[in-house]
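Asks: the amino acid sequence is not available; the structure is as follows:
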């Protein structure tokens, strides 16, 4: 730029700034844009726009959920506090107009007017390609598909252009629900294939950067770590046209600033705030704060049962009597959680999960049990937690440490950096730890299969193995598939009871997902994935 | 001059090689397994292994190193796993944001600190000297994130004078076409007065935060160096010759007092780049500091290596510029020596 040009532009700018009308015109246009735009602030953003990608993080699931369609989705029902809550047992078509479940297969008829964002129609071959992709790419998506016994490309059959059949490998009650989770999303196969390469046959590099679906929104701009901008897809047929035209999702790392943005009315929605903030915002009533329990989720204290002293059930029961349950509810969660302890003595076990156990804080009983186990003088151990969730974990562990000291157990607190936590869990060497687990599919046997079964998945963090437990869990799965309700109920009650008497992990509470939003925002829905569904939301 | 610059750059090569080796080894020595981290919450052992293979982390360390240096030689810094983008592109996009903020912070700091230091030196023991002492001590004692949060609380949350701390521009403005990457300049080139105003108002609080933090070393160094120069013989001679006090202070004393101040400036600039990390977090600033920290937290090797390497290159260049400045300010400094 030459000096003269520069001077010109500066004087032009001065003239522009001198026009008083201009800024106000722009501001009113801004106000219009505002009323149709949803501004979300959160701590972290997506690292990949495609849930099939390598290591896609949880915020990435939110993009996938809103920008891609699945064959089927869940109906809504009224949840706690009247908030719409997904209905675990009722399904509706999203891309499918109609579906029929037979003995060993399910057949989907596709909506004929469904189009991808680039205008190509959604056909059966796209569905097959997408499901093939989900079971073939490896990593998390393939794993999630296998949870519903969907493992082989041969299971997905194109009947005609608008009809797809999914064959069952075996009877599994989780197959249909697993087709309604985020992973089996339908991808624009022609577009992605065009951008795939020999090294990357499924085009993961392409879909990482842009959305290639038929969903209600499409990503128009994504600056990793800074913002995601999504625009409404005017031709969406998966449901009624959403009211929000544009979604701007900004990453604001400071929790204090997110709260300030909400309270000043600049941001519309935020989650991931400290419990204390949610509690205060709830109390002062300027914002709408929704708190709902994680479906099928529990924060717990786990013990490694393969090594002394926790290989002794008496020691584990002693710990269960020594935990400061109520203090944790009050001082750590500010009441934002469902207690999972202290059920009345005579209460019968229900066919449900999660449900509270019967332990309560009782130091005398704990001491007695500990001396019975031969540890009258206590012992020393370490309690570990994941620093990524230090806001909850740290005070929780301090309270536990304090409480265990009363029965003579000296604990050192071990803070594990988030990047390292998964590795540590996999090693299965931590003697005592706190963690949270929550399953997308809301079935007791699903939770127990991952957390208590002797096949020792990464979530069986206690390395708990019991032939009786395995028999009950497998029994419940078989009974669920064959629809034998009596056997199913007996098995579920059986494994819940066993989990409570053997107590390898001590449930503390069912965490809440908290979302704070402006009063003029409506249409929040709770989903199993706990992320936002923009499609039902409205402003004003 | 040119041979000198060439020579200095040659000297920088061994240190850069050292930086490459050390960062590579350090990131590998970090606790945590990136494969397990990126395999997601529900991964089996096989899934973790699949990811490890995809990321090339199953190869021997030495092979990984050669691949890495080979990529570097081709200008490829690798891919970030947390943001999913090529590191080189990310750094290129984010560096201007950090640089704009740091430079503006440094500029504000210089504009306040140098006059303050000069005034304090000319009137030692006066109220202005005490003011200088108190402000600088307070500024350096307050951690940057704290100053940042207080500023946000007062000027945004309480008073509402400042825009929402949401990064470089108001949410409803679009970024100007990139020319320099500095929004203040790019908006002017695009002749977008509103966006310029928005970019400037977004910059004020974070730049002030950085300035408050860096006042102390600059003001104190200016004061000390001025005091020493003012007590020297040539200043006494100048005064005795009846030159006006302003000529004595500005032309004679100040120029001579500048050398140590320039040295301090280069140091201040480098630690401002570090302090940036926290300021960027507070103001949701899309700079390289917050990028590097996030990468570090998730054991994401490539961005950390890229960040350290970029920083190393910047330090080398910075030192070079400072050395050249010495020669300009003080002809006695012989650069070839």
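Replies: In hand now; what should we look at? Only a predicted model underlies this, so the values are computations on that prediction, with no experimental measurement involved.

Asks: state the helix or strand in which the spatially most central residue of chain B lies.
Replies: By C-alpha atoms, centre = their mean, chain B has its centre lying nearest to residue B:273, at 2.3 Å. Here residue B:273, judged by DSSP states H and E, is contained in helix B:255-282.

Asks: any bit of that helix sitting next to chain A?
Replies: Yes: against chain A, helix B:255-282 shows contacts by C-beta under 8 Å from any C-beta of the partner chain at B:281-282. Glycine gets a C-beta too; all of them are placed from N, C-alpha and C.

Asks: mind listing what's buried in that helix?
Replies: Of the residues in helix B:255-282, B:256-259, B:261-262, B:264-265, B:267-269, B:272-273, B:275-282 count as buried by neighbour count, 16 or more other C-beta atoms under 10 Å in any protein chain shown.

Asks: check which helices and strands that helix sits against.
Replies: Here helix B:255-282 touches helix B:87-122, helix B:144-151, helix B:193-230, helix B:288-297, helix B:301-329, going by 3 or more C-beta pairs under 8 Å, 6 or more residues apart in numbering or on different chains; DSSP states H and E.

Asks: nearest to chain A, out of those?
Replies: Proximity to chain A (C-beta to the nearest C-beta) singles out helix B:193-230 among the helices and strands packed on helix B:255-282, at 4.8 Å.

Asks: could I get the buried residue list for that closest one?
Replies: If you call a residue buried by 16+ other C-beta under 10 Å, then helix B:193-230 has these buried ones: B:193-199, B:202-227, B:229-230.

Asks: now do it: distance to the chain's middle.
Replies: Distance, stretch centre to chain centre, for helix B:193-230: 13 Å (C-alpha atoms, centre = their mean, to the nearest Å).

Asks: again, but for stretch A:293-301
Replies: The chain centroid and the centroid of stretch A:293-301 are separated by 11 Å under C-alpha atoms, centre = their mean.

Asks: what about it and chain B, touching?
Replies: No: judged by C-beta under 8 Å from any C-beta, stretch A:293-301 makes no contact with chain B; its nearest approach is 11.6 Å.

Asks: same question for that stretch, mean pLDDT?
Replies: Regarding stretch A:293-301, the rounded mean pLDDT is 90.

Asks: any residues touching that stretch, and which ones?
Replies: A:80, A:88, A:319, A:323, A:337-338, A:340, A:353-354, A:392, A:396, A:400, A:432-443, A:446-447, A:505-513, A:526, A:528, A:530 (C-beta atoms under 8 Å, 6 or more residues apart in numbering or on different chains).

Asks: what's the answer for stretch A:487-505, then?
Replies: A:300-303, A:305, A:313, A:316-317, A:320, A:349-353, A:355, A:357-359, A:444-445, A:448, A:451-452, A:461-462, A:464, A:466, A:468-469, A:472-473, A:475-476, A:479-480.

Asks: quick revisit: give me the subset of the contacts of stretch A:293-301 lying in helices.
Replies: Of the contacts of stretch A:293-301, the ones assigned to helices by DSSP state H are A:319, A:392, A:396, A:400, A:446-447.

Asks: farthest-apart pair in the residues you listed, please.
Replies: Distance extremes for these: the farthest pair is A:400 and A:446 at 27.9 Å, using C-beta to C-beta.

Asks: between the ones in helices among the contacts of stretch A:293-301, which sits nearest chain B?
Replies: For those, the minimum distance to chain B (C-beta to the nearest C-beta) is 11.4 Å, reached by residue A:446.

Asks: neighbours of the closest one, just the number please.
Replies: 24 (other C-beta atoms under 10 Å in any protein chain shown).

Asks: which residues touch the residue nearest to it when sequence neighbours are not counted?
Replies: Counting by C-beta to C-beta, 6 or more residues apart in numbering or on different chains, residue A:439 is the residue found nearest to residue A:446 once chain neighbours are left out, at 5.1 Å. Shown in contact with residue A:439 (C-beta under 8 Å, 6+ apart): A:296-297, A:446-447, A:450.

Asks: what does stretch B:149-156 contact?
Replies: Residues outside stretch B:149-156 that contact it (C-beta under 8 Å, 6+ apart): A:254, A:256-257, A:260, A:264, B:161-165, B:205, B:208-209, B:282-283.

Asks: for residue A:191, state which of the residues you listed is nearest.
Replies: For those, the residue nearest residue A:191 by C-beta to C-beta is residue B:164; the value is 36.9 Å.

Asks: isn't the closest one up against residue A:265?
Replies: No: with contacts counted by C-beta atoms under 8 Å, residue B:164 stays clear of residue A:265, the gap being 9.7 Å.

Asks: so the two - more neighbours on which side?
Replies: Using other C-beta under 10 Å, the more surrounded residue of residue B:164 and residue A:265 is residue B:164, with 25 against 13.

Asks: sec struct for the more buried one, please.
Replies: coil (DSSP: H, G, I helix; E, B strand; the rest coil).

Asks: ignoring the adjacent residues along the chain, who's closest to it?
Replies: Of all residues not flanking residue B:164 in the chain, residue A:266 sits nearest, at 4.3 Å (C-beta to C-beta, 6+ apart).

Asks: part of a strand, is residue A:100?
Replies: Yes: note on residue A:100: a strand contains this position according to three-state DSSP.

Asks: give me every residue that touches it.
Replies: A:106-107.

Asks: beta partners of it?
Replies: Residue A:100 has these beta-bridge partners by DSSP bridges: residue A:107.

Asks: look up how far chain B lies from it.
Replies: Between residue A:100 and chain B the distance is 30 Å, computed by C-beta to the nearest C-beta, to the nearest Å.

Asks: could I get the helices and strands packed on helix B:255-282 as JSON lines with mean pLDDT?
Replies: Formatted as JSON lines, the helices and strands packed on helix B:255-282 follow (pLDDT from 0 to 100):
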{"stretch": "helix B:87-122", "mean pLDDT": "88"}
{"stretch": "helix B:144-151", "mean pLDDT": "87"}
{"stretch": "helix B:193-230", "mean pLDDT": "88"}
{"stretch": "helix B:288-297", "mean pLDDT": "80"}
{"stretch": "helix B:301-329", "mean pLDDT": "81"}
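
Asks: what does the stretch 351-500 of chain A put close to chain B?
Replies: When proximity is defined by C-beta under 8 Å from any C-beta, the stretch 351-500 of chain A lies next to chain B at A:417-420, A:422-423, A:426, A:450, A:457-459.

Asks: and of the contacts of stretch B:149-156, the nearest to residue A:535?
Replies: Among the contacts of stretch B:149-156, residue B:164 lies closest to residue A:535 (C-beta to C-beta), at 26.3 Å.

Asks: quick one: pLDDT of that closest one?
Replies: pLDDT, residue B:164: 82.

Asks: please apply the same query to the one 5 residues further on.
Replies: Residue-level confidence at residue B:169 comes out at 81, pLDDT.

Asks: three-state assignment of it?
Replies: From three-state DSSP, the assignment for residue B:169 is coil.

Asks: residue contacts, it?
Replies: For residue B:169, the contact set (C-beta under 8 Å, 6+ apart) comprises B:175, B:183, B:195, B:198-199, B:202.
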